[in-house]
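S.K.: Fold the following.
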Amino acid sequence: MDYRHAAATDALKTDCRVLPLPEGEAASAALAELPESVRTPVEQARKRGDFSGKLGSTLLLIPTDGGDLAARLLLVGTGKDALNDKALKKVLGAVFSGLKLTAAADAVLDLRHLPGAHSARQLAERVVRLGEEALYRMDRCKGEAAQAKIIPATLAKLTLSGAPEDAAAIEQGIAQGCATAAGITLAKDLSNLPGNICTPTYLASVAQQLAAELPIVTRILEQSDMEALGMGALLSVAKGSRQPPKFIIMEYRNGPEGAKPVVLVGKGLTFDAGGISIKPSAKMDEMKFDMCGGATVFGAMKAAALLKLPINLVALIPSSENLPDGAANKPGDIVTSMAGITIEVLNTDAEGRLILCDALTYAEKFHDPEVCIDFATLTGACVVALGHPASGLFSNDDMLADSLLKAGTDTADRAWRLPMWEEYDDQLFSDFADIPNIATRGAGEAGAIIGAVFLQRFAKNMRWAHMDIAASSWVGKRATGRPVALVTQFLVDQAAK
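M.R.: Here you go, the predicted model:
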């Protein structure tokens, strides 16, 4: 959809004017600023009791007079209070749900009618991002008969306005919203595809396609390359699969020459059956989502390139499958990582940390990052700890952690920081190797933290953060595209420094 800014929309001819209104007498002030042709039918509807202004309520009106300005009026209730993140999402959800029920091809919305503490830039970004989320469909794998029944959305353009002094901020918000939404859509598409389509080879082809479309340079390391580098941990996971592993490298260089890059590492496990430590069959189909960390990095790279951020950015996506096979890792096997650290594989279903640890070593050795952030659907324990509202955040650097938390707050794509105290490190003890891949002391406790503590062993010489997105990146059977919005905002903030 096309999103535009206009200095004023009161006199703009449109198929549908979206009018957010609060409950009670507070609506009178908002109505007083509108043309009489718009104000009159709204006041009549309120007097009849057809529209109360209750949060998220909607009413579609067809004006009998003044239809030359707006063929339709979509009233959306904003409730009694200023809009917090949750209420704003509900209001905007009602806006786009209401618009989809009409045949309107274009609509206008004045951001001044969305009361709350959000800035004009934040509001514009949020409108665009949630608008694209409302329009998102994943129909690629449906048959021709089902495809033929799909009714395309008619809404093609949404014009936003606000206070004159906010014009530049609204333009910035629209641009960031469009880029972020494009990144989220890419992340959702990759995550929602089944494992027989979205393989490591497929992910590599998408990275090459991005390089053809955007100022991104892509390189793919094959199994022989990884063997030469000594990536024994990553390759041990891939042994059980017929799909060849891929180590995907994407570089976007638009910052000062010689400036250290931000390195994003994403777990690209395209299907995780657990290996020999096989998962229960119930909901195993959802293990196609085990590459959501990689999908997040794909989305963030696309968003950064579309925004032309003045930043140096590197993406590393180790990709494989984790399946049971005669060649697969066995519980008790010992593998040697690229860092030379030996790992006792006590549970083959704790494979994400095995592919990530070699990627972190590669980041440190070949890219000397300003900061390094990895994203992974690492532990079910993080789902238990935080539920779906927040991504788990771990870091060895307070300033980096604070920047990520702020980016999450600014985009309502929140994260919550958990500790990595030295006491947790004692739970990783092996009689036979340098480190086990799961806790051997206090087993079953603090699983998300133990996963982060394991990874920290391979990131001690970097400013590093780990985001466990097991709960936030998909809900039920659908990918959410999180935390692409958080990462994009973080990169915008970094570029502004």
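
S.K.: which strand in the protein runs the most residues?
M.R.: The longest strand of the chain (DSSP state E) is strand 312-322.

S.K.: For it, the averaged confidence score.
M.R.: Average pLDDT, strand 312-322: 98.

S.K.: can you check stretch 439-457 too?
M.R.: Here the average pLDDT along stretch 439-457 is 94.

S.K.: how close does residue 299 sit to residue 115?
M.R.: Separation of residue 299 from residue 115 (Cβ to Cβ, to the nearest Å) stands at 31 Å. No exception for glycine: its C-beta is placed from N, CA and C like everyone else's.

S.K.: which of these two has more neighbours?
M.R.: Taking other Cβ atoms under 10 Å, residue 299 and residue 115 do not tie; residue 299 has more neighbours (32 against 18).

S.K.: quick one on the thing from earlier: the longest strand of the chain pairs with which strands, and in what direction?
M.R.: Strand 312-322 has its sheet partners listed here by DSSP bridges as strand 246-253 (antiparallel), strand 262-266 (parallel), strand 268-272 (parallel).

S.K.: Switch the ones you listed over to CSV; also include mean pLDDT, mean neighbour count and distance to residue 315.
M.R.: Formatted as CSV, the strands paired with strand 312-322 follow (pLDDT from 0 to 100; neighbours: other Cβ atoms under 10 Å; distance: least, Cβ to Cβ, whole Å):
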stretch, mean pLDDT, mean neighbour count, distance to residue 315
strand 246-253, 98, 23, 4
strand 262-266, 98, 29, 5
strand 268-272, 98, 28, 10
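
S.K.: Could you find the closest non-adjacent residue to residue 141?
M.R.: Once flanking residues are discounted, residue 141 sits nearest to residue 194: 6.9 Å by Cβ to Cβ, 6 or more residues apart in numbering.

S.K.: same deal with residue 250?
M.R.: Excluding the flanking residues, the one nearest residue 250 by Cβ to Cβ, 6+ apart is residue 315, at 4.1 Å.

S.K.: Just give me the neighbour total for the one you found.
M.R.: For residue 315, the neighbour count with other Cβ under 10 Å is 26.

S.K.: Double-check it against residue 298; I have them as touching.
M.R.: Yes - judged on Cβ atoms under 8 Å, residue 315 makes contact with residue 298 at a distance of 7.4 Å.

S.K.: May I have the residues that are in contact with residue 278?
M.R.: 324, 349 (Cβ atoms under 8 Å, 6 or more residues apart in numbering).

S.K.: Look at it and tell me its secondary structure.
M.R.: Secondary structure state of residue 278, per DSSP: H, G, I helix; E, B strand; the rest coil, is coil.

S.K.: pLDDT score assigned to it?
M.R.: For residue 278, pLDDT reads 97.

S.K.: Could you do residue 67 as well?
M.R.: Residue 67 is given a pLDDT of 57.

S.K.: re the thing from before, relative to the whole chain's centre, how far out is the longest strand of the chain?
M.R.: 16 Å (Cα atoms, centre = their mean, to the nearest Å).

S.K.: since we're on residue 172, how many residues are nearby?
M.R.: 18.

S.K.: Would you list the phi and psi of it?
M.R.: For residue 172, the backbone dihedrals (degrees, to the nearest 10) come out as phi -60, psi -40.

S.K.: Excluding covalently adjacent residues, which one is nearest to it?
M.R.: Of all residues not flanking residue 172 in the chain, residue 121 sits nearest, at 5.2 Å (Cβ to Cβ, 6+ apart).

S.K.: what helices or strands is the helix or strand hosting that neighbour leaning on?
M.R.: Per DSSP states H and E: residue 121 is located in helix 120-135. Secondary structure elements in contact with helix 120-135, counted by 3 or more Cβ pairs under 8 Å, 6 or more residues apart in numbering; DSSP states H and E, are strand 2-5, helix 85-100, strand 157-161, helix 167-192, helix 398-411.

S.K.: Just the buried residues of the longest one, please?
M.R.: With burial defined by 16 or more other Cβ atoms under 10 Å, the residues of helix 167-192 counted as buried are 169-192.

S.K.: orientation of it relative to helix 120-135 in degrees?
M.R.: Relative orientation of helix 167-192 and helix 120-135, computed by axes from the mean of the first three to the mean of the last three Cα atoms, to 10 degrees: 30 degrees.

S.K.: Helix 398-411 and helix 167-192, what's the angle between them?
M.R.: Here helix 167-192 runs at 100 degrees with respect to helix 398-411, directions being taken by the same axes, to 10 degrees.

S.K.: give me the number of residues near residue 461?
M.R.: 12.

S.K.: Regarding it, what is its secondary structure?
M.R.: Residue 461 is classified as coil under three-state DSSP.

S.K.: from memory it sits against residue 363, does it?
M.R.: No - here residue 461 lies out of contact with residue 363, judged by Cβ under 8 Å, at a distance of 10.4 Å.

S.K.: All the strands of the stretch 251-400 of the chain, residue numbers only.
M.R.: Using DSSP state E, counting those that start in this stretch, the strands of the stretch 251-400 of the chain run over residues 262-266, 268-272, 312-322, 333-336, 342-345, 371-376, 391-395.

S.K.: For residue 147, find the nearest of those.
M.R.: Among these, strand 268-272 comes nearest to residue 147, with 24.8 Å by Cβ to Cβ.

S.K.: Take that closest one, keep the C-alpha atoms, and write them as CSV.
M.R.: Provided in CSV are the C-alpha atoms of strand 268-272 (Å, rounded to 0.1, in the frame of the first residue of the first chain):
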residue,chain,number,x,y,z
GLY,A,268,18.9,-20.3,10.7
LEU,A,269,17.7,-23.8,11.8
THR,A,270,15.1,-24.4,9.1
PHE,A,271,13.7,-27.4,10.8
ASP,A,272,14.4,-28.8,14.3
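
S.K.: Run the angle between it and strand 371-376 for me.
M.R.: 20 degrees.

S.K.: Touching, residue 261 and residue 312? I think so.
M.R.: Yes - between residue 261 and residue 312 a contact is recorded at 3.9 Å, counting by Cβ under 8 Å.

S.K.: what do these two both touch?
M.R.: With contacts taken as Cβ under 8 Å, 6+ apart, residue 261 and residue 312 have 253, 255 as neighbours in common.

S.K.: how many other residues sit next to the spatially closest residue to residue 406 that is not a sequence neighbour?
M.R.: With sequence-adjacent residues excluded and distances taken as Cβ to Cβ, 6+ apart, residue 406 is closest to residue 493, at 7.4 Å. Counted with other Cβ under 10 Å, the neighbours of residue 493 add up to 14.

S.K.: same thing with residue 302?
M.R.: There are 27 residues near residue 302, going by other Cβ under 10 Å.

S.K.: any idea how far residue 308 is from residue 35?
M.R.: The separation that residue 308 has from residue 35, given Cβ to Cβ, amounts to 39 Å.

S.K.: domain assignment for this structure?
M.R.: 2-162, 182-496 (automatic domain parsing).

S.K.: if you compare those, which one is most tucked away?
M.R.: Most buried of the domains of the chain, by mean neighbour count (mean count of other Cβ atoms under 10 Å): domain 182-496, with a mean of 21.
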